[in-house]
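Engineer: just the structure for this:
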Amino acid sequence: MSEHKYATLAVHAGQYPDPQTGSVNVPIYLSSTFELNGIGSDKGWDYSRGGNPTRDRLEEALAALEGGANAKVFGSGMAAITALVAPLHTGDHVICSHNVYGGTARLLDQVIQNYGIQIEYVDLTNLDALAAALKPSTRLVHVETPTNPLMQLTDIRAVSELAHSRGAEVSVDNTFLSPALQSPLALGADIVMHSTTKFLNGHSDGLGGVLVGSKPEHATRFHLIQKAMGGILSPFESFLVLRGIKTLPLRMKQHEENGRALAEFLSTHPKVQKIFYPGLKSHPQHELAVRQQKGFGSMMTLELGSREAVGRVLGAVKLFLNAESLGGVESLASHSATTTHAALTEERRQAIGITQGLLRLSVGIEDKDDLIADLTQALAAV
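Structural biologist: Residues are numbered from 1 along each chain as shown. A predicted model of the protein is given here:
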């Protein structure tokens, strides 16, 4: 299917009619176990932890959308990141974007480091800093671009070239843009990670995560983690993501249109002290965004100056919902310091720029004029 254009891939990759019934939708195989042909022989599946026909179709689709060799899905975005680092050994060194999502930092700091794996946070906008941090024991450079919630970008191609020259793999968290707007593997990354909960599913009704690998050995590596650790995606939630990605290109067009419109409006609003959105020419990495991305998306963060100001806006919005998460059709607003980065100490938050005055927006697909009107009245409360 790889020769087809993106919108066609989203509808058809992995989603061909069921050969037995002709069903145009992938069946939900709610079976924990499968009848064997005989001793040591099966029809392709034996037990759903190791593989399920619905999950297989989703993995086929996501590999195609990211241009990867394979994909393995997990029960959440955090389960996917766990699977990414689970094959590492004591003494291995991991470099991670310094202002990464708080849940990723919590996993690395409070769980993975306990196994004797070294975790180092580096400003990956600075290639000299990365070069200085790389060691012979560095196995993985994990990149979040744009970062959550400060929307800092990393040059995926440059980081990949540098990491590969020193023998390390590069993984990219592509959750904020989706494969519709950014293709990390085409830029040289080895592995792409998503929380499928977000734009891929698109409807805020199921958790999930995926690792897309660029080499055949990635499938072997991550399938072992699926079987051994068991954090797999259920057949029903696999179906929900399959359903969601059919409309991914359409949804991302509307997210993008709305995101640009709201960013332009907010960039001149007197109550907004600062806005973080790579689509604005004022963003320090706007040129990198133009070069590396196929769009700017609908995630943005506002600096309102205080926790009280954020609270006033969250108390006044009517269309935007005061809720964590992102990437659904509905618009969401959240206070980063007490949601996505609550796991960090206040000292750590301050060190990476997560102030009490940050308000993160996930702009949905509603009418942009209605969303602007909602923020206009909510900001009037500040």
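
Engineer: scan the chain for its longest helix.
Structural biologist: For the chain, the helix with the greatest residue count under DSSP state H is helix 248-266.

Engineer: outside of that helix, which residues touch it?
Structural biologist: For helix 248-266, the external contacting residues (Cβ atoms under 8 Å, 6 or more residues apart in numbering) are 6-7, 10, 65, 178-181, 199-200, 202, 272, 275, 277, 279-280, 295-300, 302, 329, 361, 363-366, 368, 371-372, 375. (Each C-beta comes from the backbone N, C-alpha and C, glycine too.)

Engineer: which among those residues count as buried?
Structural biologist: Buried members of these, counted by 16 or more other Cβ atoms under 10 Å: 6, 10, 65, 178-181, 199-200, 202, 272, 275, 277, 279-280, 295-300, 302, 361, 363-366, 368, 371-372, 375.

Engineer: isn't L371 up against A333?
Structural biologist: No: L371 is not in contact with A333 according to Cβ atoms under 8 Å; the separation is 10.6 Å.

Engineer: just the ones of the contacts of helix 248-266 in strands?
Structural biologist: Counting by DSSP state E, the contacts of helix 248-266 place I275, M299, M300, L302, L361 in strands.

Engineer: mind listing what the third one touches?
Structural biologist: Read that as M300. M151, G259, L262, A263, L266, I275, F276, Y277, R360, L361, V363.

Engineer: identify the residues contacting the nearest residue to it once chain neighbours are set aside.
Structural biologist: Distances taken as Cβ to Cβ, 6 or more residues apart in numbering put Y277 closest to M300, at 4.0 Å, once the chain neighbours are dropped. Neighbour list for Y277: M151, G259, A263, S267, H283, F296, M299, M300, T301 [criterion: Cβ under 8 Å, 6+ apart].

Engineer: so how far is the lowest-mean-pLDDT helix or strand in the chain from its chain's centroid?
Structural biologist: Lowest mean confidence among the helices and strands of the chain (mean pLDDT, DSSP states H and E): helix 346-352, at a mean of 92. Mean-position distance between helix 346-352 and its chain equals 23 Å (Cα atoms, centre = their mean, to the nearest Å).

Engineer: then that helix to PDB, C-alphas only?
Structural biologist: Coordinates of each C-alpha in helix 346-352 appear next as PDB, following Å, rounded to 0.1, in the frame of the first residue of the first chain:
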ATOM      1  CA  GLU A 346       8.400  22.300  41.800                       C
ATOM      2  CA  GLU A 347      12.200  22.800  41.600                       C
ATOM      3  CA  ARG A 348      12.400  20.500  38.600                       C
ATOM      4  CA  ARG A 349       9.400  22.200  36.900                       C
ATOM      5  CA  GLN A 350      11.000  25.600  37.400                       C
ATOM      6  CA  ALA A 351      14.300  24.300  36.000                       C
ATOM      7  CA  ILE A 352      12.600  23.200  32.700                       C
END
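
Engineer: hmm, who's touching it?
Structural biologist: Contacts of helix 346-352 from elsewhere in the structure, counted by Cβ under 8 Å, 6+ apart, are H98, N99, A105, L150, A337, H341, L344, T355.

Engineer: just the ones of the buried ones among the contacts of helix 248-266 in helices?
Structural biologist: Counting by DSSP H, the buried ones among the contacts of helix 248-266 contribute Y6, A10, L65, K368, L371, I372, L375 to helices.

Engineer: nearest residue to the first one other than its sequence neighbours?
Structural biologist: Yep, that's Y6 we're talking about. Using Cβ to Cβ, 6+ apart, the closest residue to Y6 is P249 (5.9 Å).

Engineer: so what's the residue count around that neighbour?
Structural biologist: The number of residues packed near P249 is 20, by other Cβ atoms under 10 Å.

Engineer: let me know the pLDDT of it.
Structural biologist: You'll see P249 listed with a pLDDT of 97.

Engineer: and it, how far from G208?
Structural biologist: 19 Å (Cβ to Cβ, to the nearest Å).

Engineer: low-confidence ranges in the stretch 1-150 of the chain?
Structural biologist: Across the stretch 1-150 of the chain, the ranges flagged by pLDDT under 70 are 1-2.

Engineer: for it, which segments count as helices?
Structural biologist: 6-12, 53-66, 77-85, 102-110, 127-133 (DSSP state H, counting those that start in this stretch).

Engineer: S23: which of these is closest?
Structural biologist: Closest to S23 of the helices of the stretch 1-150 of the chain is helix 53-66 (Cβ to Cβ; 11.7 Å).
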